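[1] Could you look at this predicted model? Sequence included:
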Amino acid sequence: MRAKDIRDRKGDDEPLTMLTAYDAPTAEILEDVGVDMLLVGDSVGNLRLGYDSTLPVTVDQIASHTAAVARVADEPMVVADMPFLSFGVDPDEAIEHAGRMLKEADADAVKLESGPHTVKLTERLTQLGIPVQAHLGLTPQHENETGLFRQGTDESAATQILDLAYKHERAGAFSLVLEHVPANVASEVTDAISIPTIGIGAGPDCDGQVLTVDEVIGLSESVAPFSKAFGDVRGEMRSAVEDYVDAVRSGAFPDDEHSHYEDDLDDIR
Ligand code: KIV
Ligand code: NA
């Protein structure tokens, strides 16, 4: 799926679906189910790489995980999340980093945690042929400055989100992630702009929804209040590993069915 296909879904009755994906087997399952967009989020940092936040994640790491996802996912759009300080410092460097996601890792688009500093960059990337998904509201790369709490909760903050939504739409962004903003603000932004909004903790009126796959399948240890576990993969993994360890310790595994013997090799000493 390309940026144009996502754009064309604006206002559809059926919301767009987006989930994070960081590895090939997960991407296979998501494609099989028909998820519209796979986000190789910098959430890979805290969910898969053992960091406390998304800030340490590097361009190389996102490129590597994006390549794994893109190798198996043909139909869904693959969006690479631009890591902290890989953009917004030097425009040429940002273009090079975003370009790597498409040229090297085979992403279809990049996502930028957006603000006043990403309007020009969004325009430049789009002109160059690198589709940009904007991201407003809670932007976890700013956690040292803003904390990890709800955004757009007073009138001036809500107005600023709307203003930046317009600016990124005009700059050419093909869609906009709205994270942890009041549902009524997300609803107004969705009505106001002509590109699809993808909500996370932003209520039911967005044009689509995104969550981390780890929370949805129940792999992560905790689930954000606005997110939801639809499964218990962590419990399944734990019980499979327990069964394996028990079987090895008791001598039940490997059994004859999982071993093979060659008659001629009984006496090799
Ligand atoms: O990195 C991420 O997972 C994200 C979303 C959840 C939008 O940016
Ligand atoms: Na992210």
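    Received the coordinates, thanks. Numbers count the residues shown, from 1 in each chain. Ligands and ions are numbered 1, 2, ... in the order given.
[2] Kindly report the residues of this structure close to ligand 2.
    Proximity of the chain to ligand 2, by C-beta under 5 Å from the ion, involves residues Gly41, Asp42, Asp81. Yep, even glycine has a C-beta here, placed from its N, CA and C like the rest.
[3] Tell me which of those residues fall in strands.
    Those of the residues of the chain next to ligand 2 mapping onto strands are Asp81, per DSSP state E.
[4] can the residues of the chain next to ligand 2 go into TSV with extra columns for neighbour count and pLDDT?
    Below are the residues of the chain next to ligand 2 laid out as TSV (neighbours: other C-beta atoms under 10 Å; pLDDT from 0 to 100):
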residue	neighbour count	pLDDT
Gly41	30	98
Asp42	30	98
Asp81	28	98
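[5] Out of the residues of the chain next to ligand 2, which are close to ligand 1?
    Gly41, Asp42, Asp81 (C-beta under 6 Å from any ligand atom).
[6] on that earlier part again, which of the residues of the chain next to ligand 2 sits closest to ligand 1?
    Gly41 (2.3 Å; C-beta to the nearest ligand atom).
[7] Tell me who's in contact with the closest one.
    Going by C-beta atoms under 8 Å, 6 or more residues apart in numbering, Gly41 touches Thr20, Tyr22, Thr54, Asp81, Lys111, Thr212.
[8] now, among these, which is nearest to ligand 2?
    For those, the minimum distance to ligand 2 (C-beta to the ion) is 4.5 Å, reached by Asp81.
[9] Now tell me which helix or strand of the protein has the poorest mean pLDDT.
    Taking mean pLDDT, DSSP states H and E as the measure, the chain has helix 143-146 as its least confident helix or strand, at a mean of 86.
[10] Could you pull out the buried residues of it?
    For helix 143-146, burial by neighbour count (16 or more other C-beta atoms under 10 Å) applies to Glu143.
[11] Also stretch 97-115?
    The neighbour-count check on stretch 97-115 (16+ other C-beta under 10 Å) flags 97-98, 100-102, 105-115 as buried.
[12] taking the residues you listed one by one, which sit in strands?
    Using DSSP E, the members of the buried residues of stretch 97-115 that fall within strands are Ala109, Val110, Lys111, Leu112, Glu113.
[13] Which residue is the nearest non-sequential neighbour of Ala192?
    Leaving aside its chain neighbours, Ala192 sits nearest to Leu162 (6.2 Å; criterion: C-beta to C-beta, 6 or more residues apart in numbering).
[14] show me the contacts for the one you found.
    Leu162 makes contact with Val185, Glu188, Val189, Ala192, according to C-beta under 8 Å, 6+ apart.
[15] and the second one, what pLDDT?
    Translated: Glu188. Predicted confidence (pLDDT) for Glu188: 98.
[16] buried residues in the helix or strand encompassing it?
    Element membership of Glu188 [criterion: DSSP states H and E] is helix 183-192. By neighbour count on 16+ other C-beta under 10 Å, the buried set for helix 183-192 is Val185, Ala186, Ser187, Glu188, Val189, Thr190.
[17] How about the contacts made by the residue nearest to the fifth one when sequence neighbours are not counted?
    Ranked by C-beta to C-beta, 6+ apart and with sequence neighbours excluded, the top spatial neighbour of Val189 is Ala165, at 5.0 Å. The neighbours of Ala165, taking C-beta under 8 Å, 6+ apart as the test, are Ala134, Leu136, Leu176, Val189, Ala192, Ile193, Thr197.
[18] Quick check, the first one in contact with His168.
    By that I understand Ala134. Yes - using C-beta atoms under 8 Å, Ala134 is in contact with His168, at 3.9 Å.
[19] got any residues that touch both of those two?
    Joint contacts of Ala134 and His168 (C-beta under 8 Å, 6+ apart) are Ser114, Thr118, Thr122, Leu176.
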